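[1] Build me a model:
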Amino acid sequence: MKRLIAAFFILLPVLFSCSGERETETVSTNLSVVFSSDLLGKIRSCGCSAEDMGGIGRRATYIESVRNSVSNLLVLDAGDVFSLDLSYSKTEAELTFTSFGIMGVDAFTPGEIEFIFGMPYLRDLSLTAGLDVIAANVVDARSGELILGPAYTIKEFGRLRVGITGVIDDMIRFPGYIDTSSFKVLPPEAVLEKILPELGKKADFLILLSHMGLERSRALAGKIDDFDLIIVGHGKPVIKKKEQVGSTYLLATGGEGQYIGRIDLAISGSGEITYAKLGIIPLREKIAIHEEIRDLFANYGVPLTEKKHE
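    Purely as a prediction, here's the structure:
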């Protein structure tokens, strides 16, 4: 609400010309957002007997098709892409982050599962893959400084400036074998209240990657009304119909990689959503596996599907 009031007063000189005649702000930007979370290590297609759905190869193909059909696209993920299965390896983790780079993921907020191989590994892997990893409330245990990259990122689409930040729930319990001694997770609400004044000056439209689960994310949206979109991760959340808390849209797609979310927006010059179309898209067998991802699996020696005979 504060951002909208500020935007109104900033626009006063635009709305009224020197002659006193009223002018209207007609600038509008179309933006598509493809979003996901809770892959949980399911990088291969399911190998299901009814239909061989999912897999990051089909995800990459779908994202590429959207990118080729729209003017402005953001690809975002709200974490828990690794797996807690004992068989899950660093090879699969590296393959996942490399594939995210191929897909052009714009921002990624890790979940607690991404820490299974340790903080140094996660940090190095994200740098190698060139991923924009954002965890605004994860800091060094000694210095208190951010440890996984910047607190937020700004993406520009013509006149529209989109600010993206991400947080992890400070109440999440990390598995006992994860070394948490080098970092700490600060309360998300306090951190967001601190960075939002700065972020609000730099961006017209704000997105939060919330690795806090559905109920905690809803509660956060009720307390902080600055965000236009909140993408939710943790606990395999799914929101199939448009849901708003105040003026904030909550988005979530679980399904362990068998589905991906998409929302198409029209955004006014003042940063307000004037149109929104939501879809939860099943990554069905008819979607071809992306050739670059197919080659990546072959290079890593990882099968493309869970089917036992392949």
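[2] contacts, neighbours, all on C-alpha from now
    Will do.
[3] Kindly provide the distance from Leu296 to Ser83.
    19 Å (C-alpha to C-alpha, to the nearest Å).
[4] Asp170 too?
    Plainly put, Asp170 is 20 Å away from Ser83 if you go by C-alpha to C-alpha.
[5] between those two, who's got more neighbours?
    More crowded of Asp170 and Ser83, by other C-alpha atoms under 10 Å: Ser83, with 19 against 16.
[6] Could you report the pLDDT at the more buried one?
    As predicted, Ser83 sits at a pLDDT of 96.
[7] My read is that it contacts Glu112, right?
    No: under the criterion of C-alpha atoms under 8 Å, Ser83 makes no contact with Glu112, lying 10.2 Å away.
[8] Measure how buried the closest residue to Glu306 other than its chain neighbours is and give me the count.
    Leaving aside its chain neighbours, Glu306 sits nearest to Gly47 (4.8 Å; criterion: C-alpha to C-alpha, 6 or more residues apart in numbering). Gly47 has 19 neighbours, counted by other C-alpha under 10 Å.
[9] Next, give phi and psi for Asn30.
    Dihedral pair for Asn30: phi -90, psi 130, per degrees, to the nearest 10.
[10] which residues pair with it across the strands?
    Asn30 forms beta bridges with Ala266, as assigned by DSSP bridges.
[11] Would you check that my belief about it contacting Asn72 is correct?
    Yes: with contacts counted by C-alpha under 8 Å, Asn30 reaches Asn72, the gap being 6.7 Å.
[12] any idea where the strands of the stretch 1-150 of the chain begin and end?
    28-36, 73-77, 107-108, 138-140 (DSSP state E, counting those that start in this stretch).
[13] Just list what the third one packs against, helices and strands only.
    The elements that strand 107-108 packs onto, with contact taken as 3 or more C-alpha pairs under 8 Å, 6 or more residues apart in numbering; DSSP states H and E, are strand 73-77.
[14] which other residues reach the strand it packs on?
    Strand 73-77 has contacts (C-alpha atoms under 8 Å, 6 or more residues apart in numbering) with 31-37, 66-67, 104-109, 209, 231.
[15] at 7 Å instead, please
    For strand 73-77, contacts defined as C-alpha atoms under 7 Å, 6 or more residues apart in numbering pick out 31-37, 67, 104-109.
[16] and what of stretch 89-107?
    Contact with stretch 89-107 is made by 60, 63, 74-77, 82, 125, 129-134, 293, as judged by C-alpha under 7 Å, 6+ apart.
[17] what two of those residues are the furthest from one another?
    Across the contacts of stretch 89-107, the longest distance by C-alpha to C-alpha is 24.4 Å; it joins Ile134 and Ile293.
[18] Go ahead and confirm Val81 touches Leu39.
    Yes: using C-alpha atoms under 7 Å, Val81 is in contact with Leu39, at 4.4 Å.
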